[in-house]
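> Model the following, please.
(one chain, ligands or ions: 2)
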Amino acid sequence: MLLNGSIIEKHNEQRMRRHQLKLASLKDEFSQTEQIIQQVAAFQVAIPSWALGTGGTRFGRFSGGGEPRSLEEKMEDIGLLHQLNRSSGAISLHIPWDIPQDPAAIRQLAQEYGLKFDAVNSNTFQDQPGQTLSYKFGSLQHVDKNVRKQAINHNIQVIQQGVELGSKAITVWLSDGSCFPGQLNFRGAFERTLESLGEIYQALPSDWKIFIEYKAFEPNFYSMTVGDWGQSLLYASKLGPKAYTLVDLGHHLPNANIEQIVALLLMEGKLAGFHFNDSKYGDDDLTVGSINPYQLFLIFNELVEGMNARNMNHVTDLGWMIDASHNVKDPLEDLMQSVEAILVAYAQALLIDTPALKEAQEANDVVRCQEILQAAFRTDLRPLVAEARIRNGGALEPLELFRSEAIRTSLIKKRGEKSVATGL
Ligand code: PSV
Ligand code: MN
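Ligands and ions are numbered 1, 2, ... in the order given. From the prediction side, this is the model:
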């Protein structure tokens, strides 16, 4: 369901005076506010098709009701999100959780909601009903060539489905690995995986990219065959110029310096983009910016500085996606919070006085370096993000409006208390 435009206008009018006051104060203090507003207004974050429903753990799943029952309803939800925040104009599909049965109709629907199709994701970490061979002991790494072939063919099919929708990249995340020492010959697993990825790479259209996502552990707990950024980069380098490393913020060992990883991948021209989320312990898939917003800001600092150094387009040259799971929050509210956190971190990174930071770095003035970074991080730039949103026709306070319009209640009425969205 989309809201009538007049509801958004009324909502904005009621809050406009306060907003203008806060905006004026920022404009008064900083010379670059207009530039930041324009850059934030252009920035889009893709919403994963698998995160519109309630997530769960192996201990249970507590549905909040009104979950989308089909790909069309998921797109309806993202259409609403995008109407409210104007920054969620893309969807990332996970196949076979969401197979577009009628690609032309799905494309038409996406156009109506103003959505693009971001990277498509393959799935060889679960066995599907009726599947011939099992992925219990891996997919692209498997010792049995037939299993590898099945997994390769699935990835090629996903590319073909993506082509029909206008996607330009496939993200491959493998759960392949081993649970016990001795189970796997590491070199053999790497070589088989590389060979399989090579076949998928050959099937990429000329204007497509392949994103290789790494993860330190889970579901395998002794080794992962794409376990860290070094291994991913090794695959990507060997595969060729269309292969890149995808960073999911939850896929590192505790305390990893993700911003440094990002800086070096960017330097090498091998950073694909992100699966944004936040975590305290592992792959917690929590709301972006809910646990460690400073880390998110430091990542954006490296991104802005690194992309500028390579003359990259902030909006189109990397893949910006959320990969989160919502166990206790309303998925749409959670996604609104995540998108807002990403935009705030981006805006703050744009505010950093880069020449001054460079100067302080050259002078080994460590104190000043910290002051410069934290001056930007501690400035409340939410009014700039809100201004970008309303200039694009969105709501000043998307979350408030979502609640005051009782949108979840309407969705429950329409879809029922017990509807279950596909995904994890
Ligand atoms: C794996 O943990 C992962 O991050 C991959 O991106 C999967 O595609 C996704 O989560 C599944 O929820
Ligand atoms: Mn991910």
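
> Let me know how buried Arg389 is, in neighbour terms.
By the criterion of other CB atoms under 10 Å, Arg389 has 25 neighbours. To be clear about C-beta, it is placed using only N, CA and C from the backbone, and glycine gets the same treatment.

> contacting residues for it?
41, 85-87, 395-396, 398 (CB atoms under 8 Å, 6 or more residues apart in numbering).

> Which of those residues fall in helices?
Of these, the ones assigned to helices by DSSP state H are 41, 85, 398.

> State the distance from the second one to Met336.
Right, Asn85. 6 Å (CB to CB, to the nearest Å).

> which ones are touching Asn12?
Neighbours of Asn12 in contact, by CB under 8 Å, 6+ apart: 390, 395-396.

> One more pass at 10 Å, please.
19, 386, 389-390, 393-397, 401 (CB atoms under 10 Å, 6 or more residues apart in numbering).

> Likewise for Leu343?
Applying CB under 10 Å, 6+ apart, the residues near Leu343 are 39-41, 43, 45, 85, 87, 289, 300, 381-382, 384-386, 388-389.

> Mind doing that once more with 6 Å?
40, 385 (CB atoms under 6 Å, 6 or more residues apart in numbering).

> Kindly state the beta-bridge partners for the one residue in the stretch 101-250 of the chain that gets nearest to ligand 1.
With CB to the nearest ligand atom, the shortest gap between the stretch 101-250 of the chain and ligand 1 falls at Trp173, namely 3.8 Å. In this entry, Trp173 is beta-bridged to Glu213, by DSSP bridges.

> any idea how far Ala42 is from the residue nearest to Gln35 when sequence neighbours are not counted?
Leaving out its chain neighbours, the residue that sits closest to Gln35 by CB to CB, 6 or more residues apart in numbering is Leu350, at 7.4 Å. To Ala42, Leu350 is 12 Å away according to CB to CB.

> Can you pick out the residue with more neighbours from these two?
Between Leu350 and Ala42, counting by other CB under 10 Å, Leu350 is the more crowded of the two (23 against 14).

> Following element in sequence after the helix or strand hosting that one, please.
Leu350 belongs to helix 331-351 when elements are defined using DSSP states H and E. Where DSSP H and E defines the elements, the next helix or strand beyond helix 331-351 is helix 354-362.

> Can you lay out the ones in helices among the contacts of Arg389 as TSV showing pLDDT?
Output for these, formatted as TSV (pLDDT from 0 to 100):
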residue	pLDDT
Ala41	98
Asn85	98
Pro398	98
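
> just those now: which is nearest Glu359?
Ala41 (30.3 Å; CB to CB).

> I'd say that closest one and Ala388 touch.
Yes - counting by CB atoms under 6 Å, Ala388 is a contact partner of Ala41 at 3.8 Å.

> Of the contacts of Asn12, grab the buried ones for PyMOL.
To isolate the buried ones among those in PyMOL, judged by 16 or more other CB atoms under 10 Å, type:
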select buried, resi 19+386+389+390+394+395+396+397+401
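
> What lies in contact with the helix or strand encompassing Thr409?
Assigned by DSSP H and E, Thr409 belongs to helix 407-415. Under the criterion CB under 6 Å, 6+ apart, residues 65-66, 69, 330 lie in contact with helix 407-415.

> Please indicate which of those residues are buried?
For the contacts of helix 407-415, buried by 16+ other CB under 10 Å: 65-66, 69, 330.

> Which pair of those residues spans the longest distance?
Arg69 and Asp330 (16.7 Å).

> Okay, and which of the buried ones among the contacts of helix 407-415 map to strands?
Of these, none are assigned to strands by DSSP state E.

> Now distance to Lys215 too, for these, in TSV please.
Converted to TSV, the buried ones among the contacts of helix 407-415 look like this (distance: CB to CB, whole Å):
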residue	distance to Lys215
Gly65	31
Gly66	31
Arg69	30
Asp330	27
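
> Could you report the distance from Met16 to Phe217?
For Met16 relative to Phe217 (CB to CB), the value is 49 Å.

> repeat for Leu234
Distance, Leu234 to Phe217, by CB to CB: 19 Å.

> on that earlier part again, go through the buried ones among the contacts of helix 407-415 and say which is closest to Leu26.
Asp330 (30.2 Å).

> got the contact list for the closest one?
Neighbours of Asp330 in contact, by CB under 6 Å, 6+ apart: 64, 408.

> For it, what are phi and psi?
Main-chain dihedrals, Asp330, degrees, to the nearest 10: phi -60, psi 120.

> per-residue confidence for it?
Asp330 is assigned 97 on the pLDDT scale.

> What of Tyr294?
The model's pLDDT for Tyr294 equals 98.

> which one is it nearest to, not counting chain neighbours?
Phe377 (6.3 Å).

> Sweet, I'm off.
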